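A.B. asks: After the sequence you'll find the predicted model.
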Amino acid sequence: MHTNRRGALSALVVAMALAVLPACDPDAEKDPDPAPENRKGRITGTVQLADGASPAGVELHLYETDARVTTNAQGTFAFEGLNAGEYTLVASKTGYQSQQESVDVGEKLTTSLAIVLEPGAATSRISGTITLDGATSHEGITVSLDDTTFTTTTNAQGGFVLEGVPSGFFILVASKAGYDTKETTVFVKGEPETVTLTLGRQTGSFAGSVTLEGAASNQGATVTLTGTSFSGITNADGIFAIIQVPPGTYSAVASMTGYASVTQEVTVEAGKTAVATFTLKAGAGLVGLESAAAH
């Protein structure tokens with residue numbers, strides 16, 4: 001019987017969470033006025049190497065669409081079928097300094113570029129500091145460049161170094177279990193680049209119900225996580241929810257004027273909801289500790 005009640009409670013909590021979310025329009029993410037093919041723009045151009053070497057094989061990366069093309073023997077390139085807007089284009093070739101261009105593309109227009117790459121260091125380094133919010137040690141954060149084999153981990157101070165990185169445009173990813181993953185773009189031009197990031201802790205939730213024995217309504221009971229600022233107040237059905245709670249074990253206290261408080265031990269896990277039920281009796285003593293379930 002206890003198991004069925006907890007399952008029903010979990011379903012109710014989920015239903016409440018969905019109820020407070022903004023209404024989702026299935027067409028909200030669609031482009032309200034997608035550009036027909038005959039309104040698309042394009043980017044064309046040429047790339048030359050300052051030392052007179054063959055311009056063939058220069059890679060051009062259009063960051064916003066992740067489209068990539070390479071130049072032919074004459075150094076020419078083209079990106080077709082682009083929606084109007086601003087784009088970031090990066091031209092790179094091993095042994096040369098990469099070049100970044102901001103390009104405005106208009107409807108039914110062709111934007112032309114002339115790019116010259118200067119000889120430069122074949123490789124460089126990316127270093128910096130990545131910290132964990134609220135932590136005293138920042139060791140063990142994985143730092144990698146997306147779609148490459150470059151990866152390392154931070155020391156206790158959060159420091160890291162990636163050596164031998166070629167010129168180009170990269171996405172640096174920092175991750176550690178229990179914390180939100182962060183990404184940032186790094187444009188390597190043959191000179192050392194520095195990155196500083198802070199990873200926030202992942203959070204969970206605590207929800208459940210409070211029953212006021214003998215009362216017609218269960219509204220107004222307070223549930224507090226002792227030693228924190230996290231609390232919630234029940235509705236008429238006795239339901240409460242506390243969100244964005246850092247992972248950990250807490251003493252949860254349910255209280256209401258005229259009733260004896262009840263304490264339960266609650267373990268909140270990242271990305272999960274801990275669920276507990278409380279029953280408060282008028283004028284009775286404290287109820288012993290119990291464990292709340294995580295879902």
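C.D. replies: Sure thing, it's come through.
A.B. asks: Can you give me every residue that contacts Leu132?
C.D. replies: Leu132 makes contact with 138, 141, 158, 176, 179, 198-199, 201, according to CB atoms under 8 Å, 6 or more residues apart in numbering. Quick note: C-beta positions are derived from backbone N, CA and C, even for glycine.
A.B. asks: Apply 7 Å and report the result again.
C.D. replies: Leu132 makes contacts with 138, 176, 179, 199, as judged by CB atoms under 7 Å, 6 or more residues apart in numbering.
A.B. asks: where in this structure is pLDDT low?
C.D. replies: Within the chain, the ranges that satisfy pLDDT under 70 run 1-37, 121-122, 284-295.
A.B. asks: Show me where it has its helices.
C.D. replies: 2-20 (DSSP state H).
A.B. asks: How is it divided into domains?
C.D. replies: 38-117, 123-199, 203-294 (automatic domain parsing).
A.B. asks: you'd agree Gly208 is up against Ile242?
C.D. replies: No - here Gly208 lies out of contact with Ile242, judged by CB atoms under 7 Å, at a distance of 9.4 Å.
A.B. asks: residues in contact with the closest residue in space to Ser175 that isn't next to it in sequence?
C.D. replies: Distance criterion CB to CB, 6 or more residues apart in numbering; nearest residue to Ser175, sequence neighbours excluded, is Thr181 at 4.2 Å. Applying CB under 7 Å, 6+ apart to Thr181 gives the contacts 173-175.
A.B. asks: Of those residues, grab the buried ones for ChimeraX.
C.D. replies: Buried subset of the contacts of Thr181, written as a ChimeraX selection, criterion 16 or more other CB atoms under 10 Å:
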select :174
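A.B. asks: Can I get the contacts of Thr181 in TSV including distance to Pro55?
C.D. replies: Listed next are the contacts of Thr181 as TSV, based on distance: CB to CB, whole Å:
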residue	distance to Pro55
Val173	32
Ala174	36
Ser175	38
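A.B. asks: In strands, which of the contacts of Thr181 appear?
C.D. replies: Secondary structure defined by DSSP state E assigns 173-175 of the contacts of Thr181 to strands.
A.B. asks: what are the ranges of the strands in the stretch 1-150 of the chain?
C.D. replies: Along the stretch 1-150 of the chain, counting by DSSP state E, counting those that start in this stretch, strands occupy 41-49, 59-62, 67-70, 76-82, 85-92, 99-105, 110-117, 123-132, 142-145.
A.B. asks: Sorry, slip of the keys, the one I care about is the stretch 151-295 of the chain.
C.D. replies: Using DSSP E, counting those that start in this stretch, strands in the stretch 151-295 of the chain cover 151-153, 159-166, 168-175, 182-188, 193-199, 204-212, 222-225, 231-233, 239-245, 248-255, 262-268, 273-280, 293-294.
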